[in-house]
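Q: Coordinates only, no sequence provided:
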């Protein structure tokens, strides 16, 4: 199994096992993106929230912007593809 395959499997497990965090904040939000999730039920998302070095949430812009605080850095991907974990 290649390193890329292992990384993609790990990302898939992280996304598919995601549950809403009680700590709803993010240090970084990427919006207006094409987020590749590798989740068959939801293969692509619009935005991603990251807190520290962990993915907090993947979803629509509206869902992810709920994690924004005054300290959150926001990046507008302008429709570009984002592949978390790579």
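A: The structure has been received and is ready for your questions. Just so you know, these numbers come straight off a predicted model, no measurement behind them.
Q: quick one: contacts for the spatially most central residue of the chain?
A: In the chain, the residue lying closest to the centroid (Cα atoms, centre = their mean) is residue 48, at 3.1 Å. Residue 48 makes contact with 29-30, 33, 35, 55, 57-58, 64, 82, 84, according to Cβ atoms under 8 Å, 6 or more residues apart in numbering. From N, CA and C alone the C-beta is placed, and that goes for glycine too.
Q: cutoff 6 Å now
A: 30, 35, 58 (Cβ atoms under 6 Å, 6 or more residues apart in numbering).
Q: which residue sits closest to the second one in space, ignoring its chain neighbours?
A: It refers to residue 35. residue 45 (4.1 Å; Cβ to Cβ, 6 or more residues apart in numbering).
Q: Please report how far that neighbour lies from residue 3.
A: 24 Å (Cβ to Cβ, to the nearest Å).
Q: Which one of these two is surrounded by more residues?
A: Set residue 45 next to residue 3 and count neighbours by other Cβ atoms under 10 Å: residue 45 wins out with 22 against 7.
Q: Could you pull out the strands in this protein for me?
A: Applying DSSP state E to the chain gives strands spanning 28-31, 34-36, 44-45, 47-51, 54-59, 73-76, 81-82.
Q: okay if I get the ones you listed as CSV plus mean pLDDT?
A: Formatted as CSV, these follow (pLDDT from 0 to 100):
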stretch, mean pLDDT
strand 28-31, 96
strand 34-36, 92
strand 44-45, 90
strand 47-51, 93
strand 54-59, 89
strand 73-76, 97
strand 81-82, 92
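Q: Would you point to the one among these that's packed deepest?
A: Highest mean neighbour count of those: strand 47-51, a mean of 23 (counted as mean count of other Cβ atoms under 10 Å).
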